[in-house]
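>>> Structure of the sequence below:
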Amino acid sequence: MNQTHRIVDPASPSYRWCVLFVTSIGALMASLTSGTLVIALPDILRDLHTDIFSLLWIVVGYTLVATVLVLNAGRLADGVGRARSYTLGFVIFTAASILCAIAPNASVLILWRLAQGVGGALLMANATALVTDAFPRLELGKALGINAMVIGAGSILGPVLGGWLTSFGWRTIFWFNVPIGIVGALGAALILVEQSRSDKRVEIDWLGSLLYLVGLMGLMMALAFGGVYGWTTWWVVAGIAGFVIALPVFLVVEWNQHAPLLDLTLFQDRLFAMGNLTGLLNAIARNGVLFLLVFYLQGARGENPVTAGLMLSPLAVGLIVLSPISGALADRYGSRELATAGMLITAVGLAGLMTIGVATPYWQLAAWQLIVGAGSGIFNSPNTSAVMGVVPPNKRGAGAGVRMMLVQSGFVVSIALAIGLVTGSMDPKVMVSIFSGEQVGGQGISLDPFMNALHMAFLAGLIASLVGAVVSMMRGEHRSYEPAAVNPAGGETAPNGGTAG
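Sure, this is the predicted structure:
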């Protein structure tokens, strides 16, 4: 569609807010889907008569595909247009949601969750880049903060909504995506325009994609099932070997690739490199928390899905309140101190969660969740603004893809590690009964192994948060990308203000 026929004039100041609205629909759909699915997992486990192995793929299969494809999606968007790619993402995600809703068994559900991952990759790779294109640098933090606030709202509503929808059957959580996806697709098609010049020389790095998939999947399988099946099991050993071998080979291939999946030159900017590493560590630290608390509340404490969803809402309150505030503060004062503070506050909340027991008063559980959410709210917007702000306009699709790839990789590692710590600590039958919600409270068994594993998972997140805080302080001062210019001495002034030889 020609830009002159758009329902909003791209040259008008209101256009940027329309972009924010459309990208926020995608963020809301993704965050709602995550929360509603997690709260419905016990029902899926019971209804489809499946096991923890399949459950892992239902949760993480989507993320694994989205993580591997998000970089190619970013490169594709730089070539064919971010607006077109983002619209296509809505279409694929919505169609896959319908197919998930009618899946007859766990294997088919996993297949369509993988298809959802393709749509998710297109959405994730382009949302941040579209906002960065549309907003001036001095308003970018605020805009990204609003995006994060929407994610926080979805995180609050997701478990609560999931608990209610599950009362009508777990399939309704996928049907619920359909009207949101239709509105998002129509909004993207009618509003968004291409604001950056496309690079028509797009090439897909198939070898890099395969190596990254092998490495990440190997790490995920080993972390998740090494404890329960044995670390010497052949496929667990193969997973570890696949990760150890594939990662360095992947980096070598990418460095010498003409059109790499991962543009390693972006990491020559210290702020981009350190900010993305901090984002990875933050994702590892906090993304397993919701997953673990669902099974703690529904299994160990015996809460029903609706009550469990309500009890998880404090985890997102801090995120929704503080994200726009921290984003606006980052625009004015910079990102380093805010992002570091967010990591440290997250660490405090995780340390508090290490003290919970089966009979812990709810106000204590709520308080620690609130602190974890507050840390995430303070961290996310400044860190995203800093990372995206130093990327050249013609590489923002690739830059957004790198950021999302690392965040999603952290999600995969976090969930796999959480499952691995829990499954390796107790009898598999008891573990399945707790995860499915069939085991309510103690009921004649000791829940100490489960609680100890829960504490170990929170400890792993605490360590990741503290390391992330150190890395965050190493990023350098907050700054924006500026095109290189020729200086009187005859050299080029580098984007950070130094002189390139």
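>>> pull the CA atoms of stretch 314-324 into PDB?
The C-alpha coordinates for stretch 314-324 follow below in PDB (Å, rounded to 0.1, in the frame of the first residue of the first chain):
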ATOM      1  CA  PRO A 314       2.800  -8.700  42.200                       C
ATOM      2  CA  LEU A 315       5.600 -10.000  40.000                       C
ATOM      3  CA  ALA A 316       4.500  -7.600  37.200                       C
ATOM      4  CA  VAL A 317       3.200  -4.700  39.300                       C
ATOM      5  CA  GLY A 318       6.700  -3.300  39.700                       C
ATOM      6  CA  LEU A 319       7.400  -3.700  36.000                       C
ATOM      7  CA  ILE A 320       4.300  -1.900  34.900                       C
ATOM      8  CA  VAL A 321       4.700   1.000  37.300                       C
ATOM      9  CA  LEU A 322       8.500   1.600  37.000                       C
ATOM     10  CA  SER A 323       9.200   0.900  33.300                       C
ATOM     11  CA  PRO A 324       7.900   4.200  31.900                       C
END
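>>> ok, residue 364 - contacts?
Counting by C-beta atoms under 8 Å, 6 or more residues apart in numbering, residue 364 makes contact with 352, 355, 356. In this view, the C-beta of every residue, glycine as well, is placed from N, C-alpha and C.
>>> so the last one, which of the three states?
Just to be clear, that refers to residue 356. When classified by DSSP: H, G, I helix; E, B strand; the rest coil, residue 356 comes out as coil.
>>> Leaving out chain neighbours, which residue sits closest to it?
residue 365 (5.8 Å; C-beta to C-beta, 6 or more residues apart in numbering).
>>> and the host helix or strand of that neighbour, how far out from the chain's middle?
Element membership for residue 365 (DSSP states H and E) is helix 362-389. Relative to the chain's own centre, helix 362-389 is displaced by 14 Å; criterion: C-alpha atoms, centre = their mean, to the nearest Å.
>>> Kindly report the same for stretch 286-303.
Using C-alpha atoms, centre = their mean, the offset of stretch 286-303 from its chain centre is 19 Å.
>>> Pull out the buried members of the contacts of residue 364.
352, 356 (16 or more other C-beta atoms under 10 Å).
>>> quick one: contacts for the residue nearest to residue 356?
Counted by C-beta under 8 Å, 6+ apart, residue 365 has contacts 311, 353, 356.
>>> Just give the number of residues close to residue 279.
Residues near residue 279, counting by other C-beta atoms under 10 Å, number 26.
>>> correct me, but it touches residue 406?
Yes - the criterion here is C-beta atoms under 8 Å, and residue 279 meets it with residue 406 at 5.7 Å.
>>> so which helix or strand takes in residue 144?
Taking DSSP H and E as the criterion, residue 144 maps to helix 137-166.
>>> re earlier: tell me which residues in the helix holding residue 365 are buried?
365-366, 368-389.
>>> ok, then the element right after that helix?
Downstream of helix 362-389 (by DSSP H and E), the next one is helix 396-423.
>>> helices and strands around that following helix, which ones?
Counting contacts by 3 or more C-beta pairs under 8 Å, 6 or more residues apart in numbering; DSSP states H and E, helix 396-423 packs against helix 52-80, helix 106-134, helix 206-229, helix 270-295, helix 362-389, helix 448-473.
>>> and the last one, what other elements does it pack with?
Right, helix 448-473. By 3+ C-beta pairs under 8 Å, 6+ apart, helix 448-473 packs against helix 270-295, helix 336-353, helix 396-423, helix 428-435.
>>> Ok, the first one next?
Judged by 3+ C-beta pairs under 8 Å, 6+ apart, helix 52-80 is in contact with helix 14-47, helix 82-101, helix 106-134, helix 206-229, helix 396-423, helix 428-435.
>>> mind listing what's buried in it?
52, 54-80.
>>> Could you do stretch 181-197 as well?
Taking 16+ other C-beta under 10 Å as the criterion, stretch 181-197 shows 181, 184, 185, 187, 188, 189, 191, 192, 193, 194, 195, 196 as buried.
>>> so where's the stretch 101-250 of the chain shaky on pLDDT?
137, 148, 152, 155-156, 195-202, 228 (pLDDT under 70).
>>> Which residues are in contact with the residue most central in space within the chain?
Nearest to the mean C-alpha position of the chain, counting by C-alpha atoms, centre = their mean, stands residue 408 at 4.5 Å. Residue 408 sits next to 63, 66, 67, 70, 124, 283 when contact means C-beta under 8 Å, 6+ apart.
>>> ok, 6 Å please
63, 66, 67 (C-beta atoms under 6 Å, 6 or more residues apart in numbering).
>>> helices and strands of this structure: which one bottoms out on pLDDT?
Taking mean pLDDT, DSSP states H and E as the measure, the chain has strand 499-500 as its least confident helix or strand, at a mean of 30.
>>> sorry, back to before: just put the buried residues of stretch 181-197 in a markdown table and tack on distance to residue 12 and secondary structure.
Formatted as a markdown table, the buried residues of stretch 181-197 follow (distance: C-beta to C-beta, whole Å; DSSP: H, G, I helix; E, B strand; the rest coil):
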| residue | distance to residue 12 | secondary structure |
| --- | --- | --- |
| 181 | 27 | helix |
| 184 | 21 | helix |
| 185 | 23 | helix |
| 187 | 16 | helix |
| 188 | 18 | helix |
| 189 | 19 | helix |
| 191 | 12 | helix |
| 192 | 14 | coil |
| 193 | 12 | coil |
| 194 | 16 | coil |
| 195 | 13 | coil |
| 196 | 18 | coil |
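>>> Identify, from the residues you listed, the entry nearest to residue 331.
Proximity of those to residue 331 (C-beta to C-beta) peaks at residue 195, which lies at 20.2 Å.
>>> give me the number of residues near residue 13?
The burial count for residue 13: 7, using other C-beta under 10 Å.
>>> roughly how far apart are it and residue 332?
21 Å (C-beta to C-beta, to the nearest Å).
>>> can you check residue 240 too?
For residue 240, the distance to residue 332 - C-beta to C-beta - is 46 Å.
>>> For the host helix or strand of residue 248, which outside residues touch it?
Assigned by DSSP H and E, residue 248 belongs to helix 234-256. Identification of contacts with helix 234-256 by C-beta under 6 Å, 6+ apart yields 207-208, 211-212, 214-215, 218-219, 221-222, 226, 260, 262, 264.
>>> So how do I select the buried members of those residues in PyMOL?
Applying 16+ other C-beta under 10 Å to the contacts of helix 234-256, the buried members can be selected in PyMOL as follows:
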select buried, resi 208+211+212+214+215+218+219+221+222+226+260+262
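>>> separation between the residue lying closest to residue 73 once chain neighbours are set aside and residue 331?
Spatial nearest neighbour of residue 73, excluding adjacent residues (C-beta to C-beta, 6+ apart): residue 125 at 3.8 Å. Distance, residue 125 to residue 331, by C-beta to C-beta: 24 Å.
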